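Asker: give the three-dimensional model of this entry:
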Amino acid sequence: MFVIGNLIVALAKIIDLALGVYVWIIILRAVVSWVNADPYNPIVNFLYRATEPALAPIRRWLPFGGAGIDVSPIIVILIVYFLQFFLVKTMIQAAMYFH
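Answerer: Down below sits the predicted model:
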């Protein structure tokens with residue numbers, strides 16, 4: 001049964017790493033949006049394609065969309081941190097059940 005526990009811990013750590021990388025991608029997207037970046041640049045294009053599925057629903061949900069300040073990256077980062085603190089920690093604690 002310890003194999004299942006180790007598998008769950010490994011998955012939790014991979015999820016934690018992926019969520020951490022995604023936070024940095026969102027931060028880079030926010031920084032790129034402050035400057036006049038070339039939208040045809042492959043890196044800028046990747047940043048927009050990687051973050052838009054998470055940011056667009058938040059923008060539709062926010063009541064002050066035309067205020068000039070986009071707070072959707074902050075909200076998505078908070079959601080990602082919640083997932084890191086709740087989901088990853090819960091998976092690691094569940095893995096201890098199998099040890």
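Asker: the strand or helix carrying Arg49: which residues count as buried?
Answerer: Secondary-structure assignment from DSSP states H and E places Arg49 in helix 42-61. Neighbour-count burial for helix 42-61, counted by 16 or more other C-beta atoms under 10 Å, picks out Val44, Leu47, Thr51, Ala54, Leu55, Ile58. For every residue, glycine as well, the C-beta is placed using N, CA and C.
Asker: contacts for that helix?
Answerer: Residues from elsewhere that reach helix 42-61, judged by C-beta atoms under 8 Å, 6 or more residues apart in numbering: 22, 25-26, 28-29, 32, 37-39, 65, 70, 72-73, 75-76.
Asker: just the buried ones from these, in PyMOL syntax?
Answerer: Selecting only the buried members of those in PyMOL, with burial defined as 16+ other C-beta under 10 Å, works like this:
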select buried, resi 22+26+28+29+32+72+73+75+76
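Asker: nearest to Ala94 among the contacts of helix 42-61?
Answerer: For those, the closest approach to Ala94 (C-beta to C-beta) belongs to Tyr22, at 22.6 Å.
Asker: great, nothing more from me.
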